[in-house]
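Enquirer: can't give you the sequence, but here's the structure:
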């Protein structure tokens, strides 16, 4: 009877991780060997700010979940200790947090990930991490849009002045 309970629990875990794979915008897998408790606590807090969930899970559970989510290419990344970050809201910020940590840690290594259902490499995660943050991009967009509106207003004012001079 205990085996049936254990099997049912594992099947529930596989289903849960399959759903996480499917609803995540970005998933990052990492080898967490050598990370200390205070660093992982800070990293989890930083990831939470961007709506990212960070877990350490058995590779066998992740293998089954990845297979069910049609992410068979993850198989090769599921060797050794694996931590996994699921981001449901943002692409850039979780990549930045984990990339920055991996740069400063001798042991912590990003293995790869999934973006919008497609398996991506470490290099692609690094490129994501080097993009400006969402807030910075929105600020730049607002600046450009306001500049265009301001320029349009100046042109309209010049047309008004020209019409007044002609009249």
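Expert: Cool, got the structure. Please read all numbers here as calculations on a predicted model, not as lab measurements.
Enquirer: so the residue nearest to residue 121 when sequence neighbours are not counted, which of the three states?
Expert: Nearest in space to residue 121, with sequence neighbours left out and distances taken as Cβ to Cβ, 6 or more residues apart in numbering, is residue 112 at 5.7 Å. In short, each C-beta sits where N, CA and C put it, glycine included. Using DSSP: H, G, I helix; E, B strand; the rest coil, the secondary structure recorded for residue 112 is strand.
Enquirer: ok, residue 112 - contacts?
Expert: 28, 29, 74, 77, 119, 120, 121, 122, 125 (Cβ atoms under 8 Å, 6 or more residues apart in numbering).
Enquirer: and which of the residues you listed is nearest to residue 42?
Expert: residue 28 (16.7 Å; Cβ to Cβ).
Enquirer: wait, doesn't that closest one sit right on residue 94?
Expert: Yes. Using Cβ atoms under 8 Å, residue 28 is in contact with residue 94, at 6.4 Å.
Enquirer: which residues do those two both contact?
Expert: In contact with both residue 28 and residue 94: 85, 87, using Cβ under 8 Å, 6+ apart.
Enquirer: Tell me, how many residues neighbour residue 107?
Expert: Residue 107: 11 surrounding residues under other Cβ atoms under 10 Å.
Enquirer: same check, this time on residue 21
Expert: 21.
Enquirer: next one: the one 4 residues further on
Expert: The tally of other residues near residue 25 (other Cβ under 10 Å) stands at 17.
Enquirer: contacting residues for it?
Expert: Counting by Cβ under 8 Å, 6+ apart, residue 25 has contacts 87, 88, 89, 90, 91, 115, 116.
Enquirer: Now the phi/psi pair for the fourth one, please.
Expert: It refers to residue 90. phi -130, psi 150 (degrees, to the nearest 10).
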